[in-house]
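K.L.:
sequence and computational prediction follow.
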Amino acid sequence: MFTPLSGTQIRQKFLDFYAARGHQILPSASLVPEDPTVLLTIAGMLPFKPIFLGQRSPEFPRATTSQKCIRTNDIENVGRTARHHTFFEMLGNFSFGDYFKEQAIAWAWELATEVFGLPPERLVVSVFEEDDEAFALWRDKIGIPAHRIQRMGEKDNFWVSGPTGPCGPCSEIYYDFHPEKGDAHIDLEDDTRFIEFYNLVFMQYNRDAEGKLTPLQNQNIDTGLGLERMAQILQRVQNNYETDLIFPIIQAAAEIAGIDYAQADESTKVSLKVIGDHVRSVVHMITDGITASNIGRGYVLRRLIRRVVRHGRLIGIEGEFTTRVAEAAIALADSAYPNVRLKENSIKTELQREEAQFLKTLDRGEKLLAEILEKIEIKVKQIVKAIQRWEESEETQRQRILQEISELSDLPIESVKTTLESLKQQQRLFAQESEHTRQPPDEADPLKELWAKREVSLEKNRYVAARTILTVSGQDSFKLYDTYGFPVELTQEIAEEKNLTVDLEGFDAEMEKQRDRSREAHETIDLTVQGSLDTLAEHVHATEFLGYVERSATAQVAVLLVNGKSAEAAEAGTEVQIILDKTPFYAESGGQVGDRGYLSGDAVLVRVHDVKKESDFFVHFGRIERGTLQVGGTVTAQIDQACRRRAQANHSATHLLQAALRKLVDDSISQAGSLVAFDRLRFDFNCPRPLTPEEVQQVEEQVNLWVAEAHTAQIEVVPIAEAKAKGAIAMFGEKYGDQVRVLDFPGVSMELCGGTHVSNTAEIGVFKIISETGVASGVRRIEAVAGPSVLDYLNVRDRVVRDLSDRFKAKPEELTDRVTSLQNELKNTQKQLETAKAELALAKSDQLLGQAESVGTFKLLVAQLEGVDPESLKTAAERLAQKLGEGAVVLASVPEPDKVSLVAAFSPAVVKSGLQAGKFIGAIAKLCGGGGGGRPNLAQAGGRDASKLPEALAEAREQLHRSLSNAN
């Protein structure tokens with residue numbers, strides 16, 4: 001029989017085997033693939049796809065790898081089957097036009113039987129049903145009996161790269177866990193008996209658009225051996241999760257939860273397996289530069305982290321724990337992937353941030369979903385009763401019952417009827433079991449037991465039908481998502497545990513409604529103004545905008561509103577809204593603020609502080625400074641040219657900024673919002689990670705380079721189809737008609753934009769980034785200044801620097817060193833303070849030794865220490881436990897208002913008696929409105945309600961006294 005091997009040994013033996021046969025060992029490629037059509041690296045061959053497709057020449061004729069892979073298409077099976085994972089390692093050997101079928105088969109057999117020592121009589125192979133060559137090689141060259149070579153169809157044993165292109169038959173090797181069942185009826189679909197561990201792809205054809213296969217000039221070999229599956233076989237465990245590749249992670253989670261995996265029920269084991277698998281995935285994803293977000297691979301990462309957190313909650317883990325479990329996954333990666341250890345801080349930071357963010361909303365979301373499911377369960381019972389009445393009613397009454405069920409479920413009557421007709425068919429099948437189904441049997445009936453089973457089955461089927469009819473509505477699932485940050489996939493998962501489904505179409509519809517509301521929110525103005533405009537619209541022409549060319553214009557007052565109501569005239573001191581027949585004022589749109597300026601006429605002056613656009617009207621918001629303004633009067637509309645120049649500089653700089661981000665950071669970056677004001681600009685963009693300081697500097701330098709190069713703006717109005725064909729980028733939140741305005745700085749930026757801009761980039765003068773921050777999941781924000789605003793910004797900074805120089809008695813260039821010195825002094829002082837606190841805690845704890853009580857052979861100490869921080873409390877508990885010998889110590893403290901700290905330290909004998917510190921102290925902490933956990937011998941917990949602490953300590957003393965008494 002084969003010798004058990006560790007996962008590390010299996011990996012190394014595979015690579016060494018093929019390296020000895022002329023294969024170049026190549027490192028695993030990143031989980032972020034070069035292939036833009038694939039979100040994540042999903043197969044061992046993916047890094048070589050360009051070679052197989054003839055797009056790139058190979059550097060080596062033969063290669064072998066251990067490739068990290070991520071797949072989430074079967075995520076619901078993770079933890080529930082023996083071998084489904086999101087993260088797995090695929091061991092592969094590849095030939096690029098070198099050896100082919102015969103050699104690949106011979107080496108695969110040699111590796112399996114001689115290197116890994118698998119008994120030949122326990123191996124079964126499959127081939128493509130038309131691949132006589134492979135069948136003959138296995139039978140005649142290798143010597144496998146023909147009945148243990150299974151021919152399978154194209155779905156299972158023919159690899160394709162797409163509808164057209166390279167393809168070829170596959171051959172797979174299976175391990176038989178139960179050879180005692182014999183060879184009479186080999187069914188490779190029976191995954192309780194067989195596990196496929198090695199897949200050989202013979203890439204020998206090219207498929208054209210008509211489906212015709214022609215032989216390739218260079219035939220390739222692409223293989224994959226699942227490391228986790230081979231580990232399950234060689235380590236003789238029940239599933240992949242219990243191998244040394246994953247089980248240490250599971251053990252870490254179980255220890256935090258205070259659970260014995262071997263004794264756990266099936267649902268608990270599923271949660272532990274999910275945690276083990278997903279933590280392994282997220283550790284490697286973060287290592288490869290993926291950060292959590294709401295789009296793309298960042299969303300995959302976020303979803304996996306949130307599933308880890310939720311399954312942790314399901315097994316009783318309170319508070320943050322993912323970083324502790326991640327330590328086990330990081331340790332497992334040391335031998336094969338040393339860069340994981342180098343990214344340990346980044347991994348823990350990302351996990352901690354995501355976990356904390358999710359925990360804030362998880363409680364509320366779970367409670368709301370529980371309420372929703374409870375209401376659905378009530379409806380289920382009502383519908384079950386209605387179904388029973390439907391079964392027993394005449395046809396004339398059934399339509400009314402269908403209507404009743406339709407109203408309960410919010411489903412069309414026809415959908416309900418289809419479900420019930422299916423149920424009716426099942427009833428007929430039950431009815432065929434016994435002629436006694438028409439009337440209930442009496443006590444002496446020999447078929448009484450069959451009747452009872454039928455009743456149970458019918459009742460069960462009614463519940464199945466009711467749950468088929470009912471769903472978690474799209475409105476409810478969207479509320480969970482929108483208000484509580486609850487992923488719809490998580491709602492699905494929890495609903496499925498109750499045999500319910502989620503109305504995903506309804507969810508998508510609610511999502512689209514929100515997008516519409518968001519778009520509309522950017523376009524509304526004062527509702528009182530709107531009401532008046534609706535009334536006047538029939539009599540007023542649209543405002544003619546002159547502002548692209550003119551800075552002032554003579555115009556007529558078409559509408560005058562005071563407090564939102566129409567007026568014929570208004571006097572000095574009045575706040576007004578004015579619509580002119582034409583205007584040079586730009587109205588707020590596309591993120592750019594409205595112009596400022598003046599309206600002046602005979603003895604009248606209006607200061608305009610904002611302009612908004614409603615439909616085709618430009619509404620000027622202002623205050624009459626002198627004189628009387630009348631409807632029909634003529635005024636000169638003059639914009640504040642200094643403000644306009646500032647807005648133009650900032651708006652054009654925004655376009656250059658987006659171009660620089662797409663060029664230097666990621667060409668998929670798109671705008672997610674913007675603000676163009678007179679004194680600054682703000683640009684929001686989709687990006688899953690923060691920019692590095694170097695990237696921020698490079699972007700700033702690139703924009704200033706384009707400014708210095710003096711690119712002339714080219715503006716034209718063209719059909720939208722023509723603009724798109726030229727590659728113009730649409731601005732976020734804008735609506736476009738058939739004709740669009742295109743702003744082009746040739747060779748730099750081309751966008752659809754209705755805003756006002758500089759005529760040449762040189763007019764911007766200078767551009768300065770102030771900050772780069774995150775504003776939402778997957779959305780970053782850059783704030784910057786351009787043009788004259790830069791001088792304002794620098795003046796403020798200069799005043800701050802001069803003030804600090806005066807305060808610290810240091811030159812500006814010495815400020816950094818001075819602040820660093822003060823920080824170091826503060827750190828040293830804090831360390832001294834922490835040391836003093838720890839010493840004080842130990843001194844206080846020593847005084848408690850006299851309070852310890854004897855419980856048989858054990859010592860028991862439960863006490864409170866005043867004003868001791870959690871770390872010092874832990875140190876004190878450990879010290880007391882050592883001094884007491886065999887016994888249990890529980891200490892508590894209130895380090896600050898509304899914060900309770902608890903520690904439990906148990907000796908080996910106490911743990912052996914069945915008590916576990918983590919589980920015990922977590923339960924006690926719940927009495928104070930908190931939770932926690934840790935190792936069996938030492939654990940910490942916390943709470944929020946200090947008033948409950950005396951009660952909690954009394955409970956702890958009573959429980960420990962009882963348990964230790966029983967243990968003697």
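P.N.:
Great, that's in hand.

K.L.:
all helices for the stretch 251-400 of the chain, in order.
P.N.:
266-287, 296-314, 322-333, 339-342, 344-392, 395-409 (DSSP state H, counting those that start in this stretch).

K.L.:
then the stretch 801-950 of the chain?
P.N.:
Going by DSSP H, counting those that start in this stretch, the stretch 801-950 of the chain shows helices at 815-846, 870-884, 908-912, 917-926, 949-967.

K.L.:
buried residues of the shortest one, list them for me.
P.N.:
Residues 909-910 are the ones in helix 908-912 that count as buried (16 or more other CB atoms under 10 Å). Yep, even glycine has a C-beta here, placed from its N, CA and C like the rest.

K.L.:
so what's the gap between that helix and the chain middle?
P.N.:
41 Å (CA atoms, centre = their mean, to the nearest Å).

K.L.:
before we move on, back to that, make TSV from the helices of the stretch 251-400 of the chain and add mean pLDDT and distance to Asn77 to it.
P.N.:
As requested, the helices of the stretch 251-400 of the chain are arranged in TSV below (pLDDT from 0 to 100; distance: least, CB to CB, whole Å):
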stretch	mean pLDDT	distance to Asn77
helix 266-287	94	10
helix 296-314	88	13
helix 322-333	95	21
helix 339-342	92	26
helix 344-392	83	23
helix 395-409	79	29
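
K.L.:
right, so of these, which gets closest to Pro248?
P.N.:
Checking the helices of the stretch 251-400 of the chain against Pro248 by CB to CB gives helix 322-333 as the closest, at 4.9 Å.

K.L.:
send the alpha carbons of that closest one over as PDB?
P.N.:
Extracted in PDB, the C-alpha atoms of helix 322-333 (Å, rounded to 0.1, in the frame of the first residue of the first chain):
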ATOM      1  CA  THR A 322     -10.300  36.300  10.500                       C
ATOM      2  CA  THR A 323      -6.800  37.600  11.100                       C
ATOM      3  CA  ARG A 324      -6.100  34.800  13.600                       C
ATOM      4  CA  VAL A 325      -7.400  32.100  11.200                       C
ATOM      5  CA  ALA A 326      -5.400  33.700   8.400                       C
ATOM      6  CA  GLU A 327      -2.200  33.100  10.400                       C
ATOM      7  CA  ALA A 328      -2.600  29.400   9.900                       C
ATOM      8  CA  ALA A 329      -3.100  29.800   6.100                       C
ATOM      9  CA  ILE A 330      -0.100  32.000   5.900                       C
ATOM     10  CA  ALA A 331       2.000  29.400   7.700                       C
ATOM     11  CA  LEU A 332       0.800  26.700   5.300                       C
ATOM     12  CA  ALA A 333       2.000  28.800   2.300                       C
END
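
K.L.:
residues making contact with it?
P.N.:
245, 248-249, 251-253, 256, 275, 279-280, 282-284, 305, 308-309, 312, 340-341, 344, 347-348, 351-352, 355 (CB atoms under 8 Å, 6 or more residues apart in numbering).

K.L.:
swap in 7 Å and give it another go.
P.N.:
Contact with helix 322-333 is made by 245, 248-249, 252-253, 256, 275, 279-280, 283, 305, 308-309, 340-341, 344, 347-348, 351-352, 355, as judged by CB atoms under 7 Å, 6 or more residues apart in numbering.

K.L.:
could you export stretch 500-514 as CSV, CA atoms only?
P.N.:
Extracted C-alpha coordinates of stretch 500-514, given in CSV (Å, rounded to 0.1, in the frame of the first residue of the first chain):
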residue,chain,number,x,y,z
LEU,A,500,-36.8,29.3,0.1
THR,A,501,-35.6,31.2,-3.0
VAL,A,502,-35.0,34.9,-3.6
ASP,A,503,-36.8,36.9,-6.4
LEU,A,504,-33.6,37.9,-8.2
GLU,A,505,-35.5,39.6,-11.1
GLY,A,506,-37.3,41.7,-8.5
PHE,A,507,-34.0,42.5,-6.9
ASP,A,508,-32.5,43.7,-10.2
ALA,A,509,-35.6,45.8,-10.9
GLU,A,510,-35.2,47.5,-7.5
MET,A,511,-31.6,48.1,-8.3
GLU,A,512,-32.5,49.8,-11.6
LYS,A,513,-35.1,52.0,-9.8
GLN,A,514,-32.4,53.2,-7.4
